[in-house]
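Enquirer: pasting the sequence and the predicted model now:
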Amino acid sequence: EELKRVIPEGWEVKPLTEEMDLQYGFPFSTKLFNEDENGVPVIRIRDIQNGTISYHSTEDVDEKYRLYKGDVLVGMDGNFHINYWNLENCYLNQRCLRIRSKSDSITEMQARYMIEPYIKASEKYVSRTTVAHLSARDVNDLKVIIGHSELQEKANQFFNSTLKKIVSNRDQNQKLAALRDWLLPMLMNGQVTVGEAKEQLGMVAEEENIYLKHS
């Protein structure tokens with residue numbers, strides 16, 4: 001009845017707030033934001049989609065706002081971006097939601113794909129008339145489906161393994177992109193040759209255990 005749909009016999013429907021560990025972001029002062037990498041990295045709504053860091057802050061912030069790799073982040077204003085996070089030692093800004101699995105709950109990956117359709121539907125509905133805002137009440141109304149114990153255990157193993165690969169691949173892609181952006185200007189002005197650039201790329205890939213496809 002909660003979902004207005006048919007689910008397999010023996011499965012359960014539970015509120016997201018009961019099944020997952022949720023944390024809203026810290027109200028950082030924008031006056032203390034800086035681009036000099038001074039202080040802690042602050043993750044805002046605009047950073048969620050691309051997994052990037054725009055600003056740092058020197059403000060004191062509690063550890064409960066710290067993000068871990070694999071956390072699901074949701075932007076709650078404008079575009080309700082939802083994504084996995086893959087960087088260390090970052091802290092979540094206000095109007096963002098962090099979703100993390102508990103020890104005895106479903107995985108972050110399963111939770112994301114169960115709630116994302118409802119979040120996107122809410123975004124479209126609200127944005128027709130005004131700037132979209134996702135409220136705590138909206139979050140409290142979100143539900144997730146839990147399989148029977150044997151099936152859920154197998155699902156958790158699969159989803160956890162898959163999410164680790166996703167996070168690892170994104171981390172590697174960002175490192176390679178940063179290396180590309182560093183090498184390209186030197187290639188253009190003749191500071192390094194193509195061979196030297198390939199050698200440098202290979203050394204970093206080997207150090208970071210990144211697989212490169214030869215072309």
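Expert: Looks like it came in fine.
Enquirer: okay, strands next: where are they in this protein?
Expert: Assigned by DSSP state E, the strands in the chain fall at 12-15, 20-24, 33-34, 40-43, 55-57, 72-75, 82-84, 91-92, 96-101, 143-146.
Enquirer: want to try TSV for the ones you listed, with distance to residue 112 as columns?
Expert: Heads up, the C-betas are built off the backbone N, CA and C, glycines and all. Below are the strands of the chain laid out as TSV (distance: least, CB to CB, whole Å):
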stretch	distance to residue 112
strand 12-15	16
strand 20-24	10
strand 33-34	28
strand 40-43	17
strand 55-57	26
strand 72-75	5
strand 82-84	6
strand 91-92	16
strand 96-101	7
strand 143-146	10
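Enquirer: reformat these as CSV; add mean pLDDT, distance to residue 114 and mean neighbour count.
Expert: Shown next, in CSV, are those (pLDDT from 0 to 100; distance: least, CB to CB, whole Å; neighbours: other CB atoms under 10 Å):
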stretch, mean pLDDT, distance to residue 114, mean neighbour count
strand 12-15, 96, 10, 14
strand 20-24, 98, 10, 18
strand 33-34, 98, 34, 15
strand 40-43, 98, 23, 23
strand 55-57, 98, 32, 20
strand 72-75, 97, 11, 25
strand 82-84, 97, 12, 18
strand 91-92, 98, 21, 24
strand 96-101, 98, 11, 21
strand 143-146, 96, 5, 19
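Enquirer: out of those strands, the one nearest residue 156 is which?
Expert: Closest to residue 156 of the strands of the chain, according to CB to CB: strand 96-101, at 8.4 Å.
Enquirer: packing partners for that closest one?
Expert: If you count contacts as 3 or more CB pairs under 8 Å, 6 or more residues apart in numbering; DSSP states H and E, strand 96-101 packs onto strand 20-24, strand 72-75, helix 108-127.
Enquirer: nearest to residue 12 among those would be which one?
Expert: Once these are compared by CB to CB, helix 108-127 is nearest, at 12.4 Å.
Enquirer: and the contacts of the closest one?
Expert: Contacts of helix 108-127 with the rest of the structure, by CB atoms under 8 Å, 6 or more residues apart in numbering, involve 16, 19-20, 70-72, 74, 79-80, 82, 84, 99-101, 132-134, 138, 142-145, 155-156, 159-160, 162-163.
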